[in-house]
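Colleague: sequence and predicted structure below; questions after.
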Amino acid sequence: MSPLIPSEEELHAYVDERLDSERRRAVERYLAANPEQAARVEGWRIDARHLRAASSGLAGRAPNPRLDPAAIRRELRRKRQRRWVNAAVLLVTLGIGGVGGWQVRESSLLASNPPMADAVQAHRLFAGASALDLSARDPARLQAWLGEHFKHVGNLPDFSVYGFTPVGARLLSNEQGPAALLVFEDAQGQRVSLFLRSPGERYGRMPSGERIDGQLQARYWSQGDYNYALISAASDSRGATLRNALGVAL
Amino acid sequence: MNDLDDDQLREMLERLRRFALWLTREASSADDLVQATVERALTHRGQQREDGSLRAWLFSILYRQFIDGKRRERRHARWLAWFGRGEEAGNATEDIVLAESGLAAFARLPTEQRALLLLISVEGLSYKEAAQALQVPIGTVMSRLSRARTALRELAEGNTPPPALRRLK
């Protein structure tokens, strides 16, 4: 920086009184010798003075109480609390909606898909008909057929004790996988069916239970690798006995 | 985190209001701007740099908020135009302050130059503080200051016709 000719920056710093005393005197000497530059600098000074004068006219305004830091802190706290409350309300609402919705879903799924509905359906379609894959009056043949298709199944109990003899069996399949329907009949021609299949994705393992579907009663349970259902006439009291016998034997 | 106490803020309040008024030229939006500034200062006090001055930091928050608000306004105006509403708003509240002060020339300067002149000449910030407040390098402060003073002088002396499209009350 030349000691003789101050830079543009120095001229501004001179106006703004940012120079040390030595440089300030140097600039003053330079301006005294350069009236044109002195006029420029004086113009800047005048403008700055006007600006300050105009600003001081603004200073006398009444204070605005809402701008006080204490008031703003209070307002911020209130906003924060409101946000928390809103968030909590939202969470509770979502929670109620979610849990409630899930329960409705569960119960409507159950209503539209009662356990082992396919067993009841299979019994309706095939137990009365002669369209069975296997006609077997001999319990041993039935057992052998069953073992061929379902490797892990246990031994069938002796149905004759309860007055039933085998009629036959049919291999079925639905979206849940392969299934079998074994049909038995008593002396009066009253039929019961044993239905079994691998656990499906909807009812992997199911709790034991029973329900009445029209004229039919289904007793169902999970055992070993399979889900079972015993279908009998709703009025047939031997259903419960057979169910117990199967539970022990299979 | 350095704690910001209310008295420090309170001392700065009138200066912030004045600066905001120069920028917005409208008393109630100026106070809105100051309120937003104090809120932000209170909630973001950890952001103040250890070596920076408090006032430079506060001015920088205010200026940033003002610029962001302007940008939103422009976007809003574009949306209105898009929906056929046109720019009817214009500068209706412009220059209440300036008309009184007889500093109409100052109003014609770009915002960044006005802000700088106010911080330096009125608020007495150092160049370094002004650079912090406007978030530009100090070199930019110097060159902008030079341009601003030259422009203001020319406008004040009536050497330069006002830019053709600028509407003044």
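Modeller: Yep, it's here.

Colleague: could you pull out the strands for chain B?
Modeller: Listed in chain order, chain B contains no strands at all (DSSP state E).

Colleague: where does the prediction get shaky in it?
Modeller: Counting by pLDDT under 70, the ranges of chain B that qualify are B:1-3, B:49-51, B:84-102, B:158-169.

Colleague: measure the residue nearest the centre of chain B to A:L250 for me?
Modeller: Nearest to the mean C-alpha position of chain B, by C-alpha atoms, centre = their mean, lies B:L23 at 4.0 Å. B:L23 sits 87 Å away from A:L250, taking C-beta to C-beta, to the nearest Å as the criterion. (C-beta placed from N, C-alpha, C; glycine too.)

Colleague: re the thing from before, can you get me a residue count around the residue lying closest to the residue nearest to the centre of chain B once chain neighbours are set aside?
Modeller: Excluding its sequence neighbours, the residue lying closest to B:L23 (C-beta to C-beta, 6 or more residues apart in numbering or on different chains) is B:F66, at 5.1 Å. B:F66 has 21 neighbouring residues, counting by other C-beta atoms under 10 Å in any protein chain shown.

Colleague: same question, the one 10 residues further on
Modeller: Residue neighbour count, defined by other C-beta under 10 Å, stands at 11 for B:H76.

Colleague: and what of A:A245?
Modeller: Applying other C-beta under 10 Å, we find 18 residues neighbouring A:A245.

Colleague: quick one, what contacts it?
Modeller: Applying C-beta atoms under 8 Å, 6 or more residues apart in numbering or on different chains, we find A:A245 in contact with A:157, A:161-162.

Colleague: how about it, secondary structure?
Modeller: Using DSSP: H, G, I helix; E, B strand; the rest coil as the criterion, the local structure at A:A245 reads helix.

Colleague: pLDDT at it, what is it?
Modeller: A:A245 is assigned 87 on the pLDDT scale.

Colleague: how far away is it from A:L76?
Modeller: As for A:A245, its distance to A:L76 is 75 Å (criterion: C-beta to C-beta).

Colleague: can you say which helix or strand has the residue most central in space within chain A in it?
Modeller: Taking C-alpha atoms, centre = their mean as the criterion, A:G98 is the residue nearest the geometric centre of chain A, at 8.8 Å. With elements taken from DSSP states H and E, the one containing A:G98 is helix A:69-112.

Colleague: hang on, isn't A:R219 packed against A:A234?
Modeller: No - the criterion here is C-beta atoms under 8 Å, and A:R219 misses it with A:A234 at 11.1 Å.

Colleague: neighbour count: these two, which is higher?
Modeller: A:R219 (22 against 14).

Colleague: quick check on the more buried one: phi, psi?
Modeller: phi -120, psi 120 (degrees, to the nearest 10).

Colleague: cool, the one 4 residues further on as well?
Modeller: Backbone torsions for A:Q223, taken as degrees, to the nearest 10, come to phi -160, psi 130.

Colleague: show me what contacts the closest residue to B:H44 other than its chain neighbours?
Modeller: On the basis of C-beta to C-beta, 6+ apart, the spatially nearest residue to B:H44 that is not a chain neighbour turns out to be B:I61, at 7.9 Å. If you count contacts by C-beta under 8 Å, 6+ apart, B:I61 has them with B:37, B:40-41, B:44.

Colleague: hmm, try it at 10 Å
Modeller: Residues in contact with B:I61 (C-beta atoms under 10 Å, 6 or more residues apart in numbering or on different chains) are B:16, B:33, B:36-41, B:44, B:47-48, B:133.

Colleague: format the residues you listed as CSV; extra columns: neighbour count and distance to A:D186.
Modeller: Compiled in CSV, the contacts of B:I61 are given as follows (neighbours: other C-beta atoms under 10 Å in any protein chain shown; distance: C-beta to C-beta, whole Å):
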residue, neighbour count, distance to A:D186
B:L16, 25, 98
B:L33, 24, 93
B:A36, 18, 88
B:T37, 28, 92
B:V38, 29, 92
B:E39, 18, 86
B:R40, 16, 87
B:A41, 23, 91
B:H44, 12, 86
B:Q47, 13, 88
B:Q48, 19, 93
B:A133, 27, 100
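
Colleague: elements contacting the helix or strand of chain A with the lowest mean pLDDT?
Modeller: When the helices and strands of chain A are compared on mean pLDDT, DSSP states H and E, strand A:134-135 comes out lowest with a mean of 80. On a contact count with 3 or more C-beta pairs under 10 Å, 6 or more residues apart in numbering or on different chains; DSSP states H and E, strand A:134-135 meets helix A:139-149, strand A:164-174, strand A:177-186.

Colleague: what pairs with that strand, parallel or antiparallel?
Modeller: The strands beside strand A:134-135 in its sheet (DSSP bridges) come out as strand A:164-174 (antiparallel).
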